[in-house]
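Asks: output the structure for:
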Amino acid sequence: MGRILTQKDVEAAVRGGSIYAAGGGGWADHGRMLGTAAVNAGKPELVSIDELDENDWIATSAAIGAPASTTPWEMQGVDYIRSVQLLQDALGEKLTGLMIGQNGKSSTLNGWLPSAILGTKVVDAVGDIRAHPTGDMGSLGMASSPDQTIQTAVGGNRAENRYIELVTRGATAKVSPILRTAADMSGGFIASCRNPLRASYVKRHAALGGISLALKLGEAMIAAEGKGPGSMIDAIEKTTGGTILAKGYITDIQVTYTKEAFDIGKVTIGTGDKSTVLHVMNEYMAVDDAGGTRLATFPDVITTLDAAGQALSVGQLGKGLYVFVLHVPKFIIPLSSSVLDPAVYPFVEDRMGIDLASYALDGVQK
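Replies: Numbering: from 1, shown residues only. As a prediction, this is how the structure comes out:
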């Protein structure tokens, strides 16, 4: 049976989501706002894919943009609800459930408020266990599909007249950049509902149980609080199955916000032949050692933590800060067909100037 999500689940989702945010994934306060509004407004229900009929419609509830930057973004809970309503209107049928494209500080909770208000189920499935820079990476293998699909976007800074409502139809890869542009024009962050798919398709292509994973991790983090130095990081390692790949002081940060609404660049930890480089495109996409040897690559989980075990997003980093780099290899997490789709990598590789696909696709199949 489904699980009614409650106030205590809100903090667990934000905490666990912050680790799987992989340096991106929005704002913790935005996540708390969404979750608290949801559990106060109704009874959001988390269900497994097996509880749905194979012909039920499931869409992805997402937030698009790079709000780590200093942009005038404004996104309200009502924007997530409105994006779902616009998609249902365009589809001409009711949605049974909402999944998310990725976990994150707020994105783990994207489907909760529409569930409380509209009755859509929160489907325990994600387009990617961790956060990623492009919608295609959470699109369940739809990135190279020629099929026409519907995507909506709602939100924006009201005081600056940046509020936008957008309904688009087209192939996912052609429509996704339009939504990114809308995010930038709205102030840097916009709510979206997109890619309605049958439950049978989601079951085959999503990373199943992805929201439960975030909740379980968050619960372990809350339980470890105040238990002394190192206990939080130990709990995170134990629950995720990950290890600390590197640790040290940040010696250099070169990350730039682009017109495409991405934060792109590098973060260096340590000096000389002991240094480690984190490659960033909104999130941490790869880690190299001082000699350029690859240590970790998306879709591995790569996250920076402070000494207290709190996740730090790229926007929170500063020179001289001591950080730990958590690494959870892709082989021990559920993988969706979108992260195993070769079509999603060229765009990101081109922007970042590094190879991802040959590492990401090595030794895995969906």
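Asks: downstream of the lengthiest strand in the chain, the next helix or strand is which one?
Replies: For the chain, the strand reaching the highest residue count under DSSP state E is reported as strand 243-257. Beyond strand 243-257 in the direction of the C-terminus, DSSP states H and E gives the next helix or strand as strand 263-269.
Asks: how far does whichever helix or strand comes after that next one sit from its chain's centre?
Replies: Sequence-wise, the next helix or strand downstream of strand 263-269 (DSSP H and E) is strand 276-281. Its chain's average C-alpha position is 17 Å from that of strand 276-281, according to Cα atoms, centre = their mean, to the nearest Å.
Asks: strand 276-281 pairs with which strands, and in what direction?
Replies: When pairing is defined by DSSP bridges, strand 276-281 lines up against strand 263-269 (antiparallel), strand 283-289 (antiparallel).
Asks: CSV please, covering the ones you listed and showing distance to residue 182 and mean neighbour count.
Replies: Just so you know, the C-beta spots here come from the backbone N, C-alpha and C atoms, and that holds for glycine as well. Output for those, formatted as CSV (distance: least, Cβ to Cβ, whole Å; neighbours: other Cβ atoms under 10 Å):
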stretch, distance to residue 182, mean neighbour count
strand 263-269, 18, 21
strand 283-289, 21, 24
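Asks: ok, and for stretch 228-248, which residues are buried?
Replies: Along stretch 228-248, the positions that meet the burial threshold by neighbour count (16 or more other Cβ atoms under 10 Å) are 231-237, 239-240, 242, 245-248.
Asks: also stretch 89-101?
Replies: By neighbour count, with 16+ other Cβ under 10 Å as the criterion, the buried positions of stretch 89-101 are 90, 95-101.
Asks: hmm, which two among those residues are most spread apart?
Replies: Spatial extent of the buried residues of stretch 89-101 (Cβ to Cβ) is set by the pair 90 and 100 at 19.9 Å.
Asks: after the least confident helix or strand in the chain by mean pLDDT, next one along is what?
Replies: For the chain, the helix or strand with the lowest mean confidence is helix 172-186, at a mean of 89 (criterion: mean pLDDT, DSSP states H and E). Tracing the chain past helix 172-186, the next element assigned as helix or strand by DSSP H and E is strand 189-198.
Asks: all strands of the stretch 51-200 of the chain, in order?
Replies: Counting by DSSP state E, counting those that start in this stretch, one finds strands in the stretch 51-200 of the chain at the ranges 57-65, 97-100, 121-126, 149-155, 164-170, 189-198.
Asks: for those, give me CSV that also has distance to residue 83 and mean pLDDT.
Replies: What follows is the strands of the stretch 51-200 of the chain, written out as CSV (distance: least, Cβ to Cβ, whole Å; pLDDT from 0 to 100):
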stretch, distance to residue 83, mean pLDDT
strand 57-65, 7, 91
strand 97-100, 10, 97
strand 121-126, 15, 98
strand 149-155, 4, 96
strand 164-170, 8, 97
strand 189-198, 4, 94
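Asks: among those strands, which comes closest to residue 141?
Replies: Closest of the strands of the stretch 51-200 of the chain to residue 141 is strand 189-198, at 9.9 Å (criterion: Cβ to Cβ).
Asks: quick one: strands adjacent to that closest one?
Replies: In the sheet containing strand 189-198, the strands it pairs with under DSSP bridges are strand 57-65 (antiparallel), strand 149-155 (antiparallel).
Asks: contact partners of the shortest one?
Replies: Okay, so that is strand 149-155. For strand 149-155, the external contacting residues (Cβ atoms under 8 Å, 6 or more residues apart in numbering) are 64, 74-76, 79-80, 82-83, 86-87, 90-91, 142, 163-172, 175-176, 178-179, 182-183, 186-187, 189-196.
Asks: hang on, the earlier thing: buried ones in the least confident helix or strand of the chain, by neighbour count?
Replies: Residues of helix 172-186 classed as buried by neighbour count (16+ other Cβ under 10 Å): 172-173, 175-176, 179-184, 186.
Asks: what is the burial count for the residue nearest to residue 234 when sequence neighbours are not counted?
Replies: Distances taken as Cβ to Cβ, 6 or more residues apart in numbering put residue 224 closest to residue 234, at 7.3 Å, once the chain neighbours are dropped. Using other Cβ atoms under 10 Å, residue 224 has 19 other residues around it.
Asks: repeat for residue 8
Replies: Using other Cβ under 10 Å as the criterion, residue 8 is surrounded by 13 other residues.
Asks: now swap in residue 222 and tell me
Replies: Count around residue 222 with other Cβ under 10 Å applied: 15.
Asks: tell me the secondary structure at it.
Replies: Classification of residue 222 by DSSP: H, G, I helix; E, B strand; the rest coil places it in helix.
Asks: can you list the low-confidence ranges for the chain?
Replies: For the chain, the stretches with pLDDT under 70 are 25, 66-70, 365-366.
Asks: show me which of the buried residues of stretch 228-248 is closest to residue 336.
Replies: residue 240 (17.5 Å).
Asks: for beta bridges, what are the partners of the closest residue to that closest one other than its chain neighbours?
Replies: Distance criterion Cβ to Cβ, 6+ apart; nearest residue to residue 240, sequence neighbours excluded, is residue 328 at 4.7 Å. The residues paired with residue 328 through beta bridges, assigned by DSSP bridges, are residue 301.
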